[in-house]
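S.K.: what follows is a protein structure lacking sequence information:
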């Protein structure tokens, strides 16, 4: 009886030991000239060691992969080469064409290699190829994970080569990743972190070469090893991407249509100072061909944060934004005096507007970044924007006047990121904005740290940030009353001020039961908004949460999760209670690959909102509420894929409730063509909000208003092949606001009835259509044809005669629209290719 028991214990210990030890693969240096054609028939491949024995991560962690995979690696002084044979029944291989970086939730199989070139268990690169030879690539960081399938920052696009073939017993992949697309230390003998993954769409199976345990926090820390990389002598890493662009923009004005010919030219340069550090420079960039912003009618007391779509500011910026202080839309945004010019014209009818640029021109920008063998990452960013001027013409004498709407400005970021043992790190960040003359300048410094236990089970994380604003900041009243002011040359300015922000969190981040407690303090004068983004300061938050996570199949579920969170918020100065929020949710992922989430959140007692009134030290009471939600999605393998969201919130206040629903549909007509549509609608009756008006004593007036918001989105893609596609995105936004009653607010936040104020209702429409034909005609080079259409005036549709969404949709198409047609040509030049040809 004892011997069988000892055998079981021995075998169990052996299995644990195998899974706890990372796998390793020996690198083989080659002198062969490999042809990247998808065939693995080059003699050199037969000599390379084989990586096999893949293990499931999803849906059943720990099980052996249902199909066999064999991977080989070679390298020379120019690149690293990957050859993979993915065995399968050819009829079961899914082969949908997708956009670059767009393979997730599509009907396609894929294979990827991950390289932790510094072997620091924190940073890395991903190179992914679908069965149709569509590429994806990303940069990995400390927080990357494998649970969602979106590995790292996919905004980074590298230049590398791949090819695939369908064979009688599966499909094959060949990759060539040049060192121009990698960063690594200059050591004669190197060991890199290494990982492979394969995704089989027919059964949604995700497998890894080195096991990736969903119970363990982190992804890069679960890589295997690539050993014996010897004497890599990479060539000079220097590339140029010159571009030219041209186009025509037709923009409707109030009384005329303005036609503008667009023409531009510039260049992006990448220069590898050594194996570890790279200098990126963009000269006279053109950001015309980017997706339009999701504009809304902003009734909230804080600025809307828009997504960054400009390539230079999305590619390779993860180091600069590790502290969360880099909101790149600050650079080249709307000139700060743009709306002041519009208001001047309203008050001075004797002038007409000749020009008022809505975008600040960017002269140039540079990024210097990399990491050395001691895990020290260094990043330096600099951008210079041009002074912008509006031109006004005096109707009486015909003379033009220039008004500066934005001064010459210099934006800087310095980051020093030190990797510590395991996944731990400490990061120093400094952002600085210097404007010409006496205009406002800003400086923000931050120290961020994350300390993990060796098993990645627990984490202690914190931040300390300090902001300093100096120069001349014009006084605008309202919230600025928290600052001291000074008068210069008859103008009221805010005196220089400083503030701070701190965060501390302790969390258990691995295992079935996870939890966290945290505290965040933001002083009333903390202001990172010259180059960063914060909705509002002057807050103290206390947070706590716990979750139960089942990561392996049980019963009808592939996985499920229960969570409960509580957050209480206080004003920082004076220290006063604001609100408390409770949240609970249950997430289920079924074995038929449908998912469902049930949630409930509540503000159980009256909320004291200190920001809605846009007035210092004044708050408005908002009633207690509870919100019930349900959302889910169907099996994304099917041709028709659906997703839905429903929420309902009864309020403690009489005749006040809120609901929201969202329905999404995607239909795959073929492996080349798919369409998606998404409809979002939310409504609240007697919503409490600032009415954007004040009484004769300059006290804010609030309104009870019926709030309706509808967004419809239509997107489509047609892929001619893996390098040529046509994408389209059309978005219509409608917001209707009808005020019912008006109130002032007393010192206790109560609503004091006031007289009805007519003319405050709003009927707001926004429309954008973006269509791009993109042809990657060679590695790193492309031609893009673009068409953009937009609604000229968001208030052009009459809200009285157009009462519902469909009336507004029809009326919007009858209003004036702007149009822009552009063509952009980019050509990638690798210095080493040019050198070899000559």
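M.R.: Noted; the coordinates are in hand. None of these values were measured; they are calculated from a predicted model. Numbers count the residues shown, from 1 in each chain.
S.K.: how far does whatever helix or strand residue 769 lives in sit from its chain's centre?
M.R.: Per DSSP states H and E: residue 769 is located in strand 762-778. In terms of CA atoms, centre = their mean, to the nearest Å, the centre of strand 762-778 is found 18 Å from the chain centre.
S.K.: C-terminal to that strand, what's the next element?
M.R.: Downstream of strand 762-778, the next assigned helix or strand under DSSP H and E is strand 781-791.
S.K.: what average pLDDT does that next one get?
M.R.: The average pLDDT within strand 781-791 is 95.
S.K.: buried residues, that strand. List them.
M.R.: Under the neighbour-count criterion of 16 or more other CB atoms under 10 Å, strand 781-791 has 781, 782, 784, 785, 786, 788, 789, 790, 791 buried. For glycine as for every other residue, the C-beta is placed from the backbone atoms N, C-alpha and C.
S.K.: can you list those residues in CSV and add distance to residue 208?
M.R.: Output for those, formatted as CSV (distance: CB to CB, whole Å):
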residue, distance to residue 208
781, 34
782, 32
784, 36
785, 40
786, 39
788, 42
789, 45
790, 45
791, 48
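S.K.: quick one: residue 101 from residue 157, how far?
M.R.: Separation of residue 101 from residue 157 (CB to CB, to the nearest Å) stands at 8 Å.
S.K.: mutual contacts of those two, please.
M.R.: Shared contacts of residue 101 and residue 157 (CB atoms under 8 Å, 6 or more residues apart in numbering): residue 137.
S.K.: any stretches of the stretch 1-150 of the chain with poor pLDDT?
M.R.: 1-20, 148-149 (pLDDT under 70).
S.K.: the stretch 401-550 of the chain: strands as residue ranges?
M.R.: 409-419, 425-435, 441-452, 458-470, 473-474, 485-488, 491-494, 497-508, 513-522, 539-550 (DSSP state E, counting those that start in this stretch).
S.K.: quick one: closest of those to residue 621.
M.R.: In terms of CB to CB, the element of the strands of the stretch 401-550 of the chain nearest to residue 621 is strand 539-550, at 18.0 Å.
S.K.: buried set for that closest one?
M.R.: 539, 540, 541, 543, 545, 547, 549, 550.
S.K.: name the nearest residue to the third one, ignoring sequence neighbours.
M.R.: When you say that, I think you mean residue 541. residue 520 (4.4 Å; CB to CB, 6 or more residues apart in numbering).
S.K.: isn't that neighbour up against residue 503?
M.R.: Yes: here residue 520 reaches residue 503: they are 4.7 Å apart, a contact under CB atoms under 8 Å.
S.K.: got the buried residues for stretch 227-238?
M.R.: For stretch 227-238, the buried set under the neighbour-count rule, 16+ other CB under 10 Å, comprises 227, 229, 232, 234, 235, 237, 238.
S.K.: what are the phi and psi angles of the fourth one?
M.R.: By that I understand residue 234. Here is the backbone geometry of residue 234 (degrees, to the nearest 10): phi -70, psi 150.
S.K.: now do the same contact list for it.
M.R.: So residue 234 contacts 77, 78, 179, 272, 275 (CB under 8 Å, 6+ apart).
S.K.: what's the closest of those to residue 121?
M.R.: Looking across the contacts of residue 234 and measuring by CB to CB, the closest to residue 121 is residue 275, at 19.7 Å.
S.K.: looking at the buried residues of strand 781-791, which one is closest to residue 140?
M.R.: Using CB to CB, the buried residues of strand 781-791 come closest to residue 140 at residue 782, 25.1 Å.
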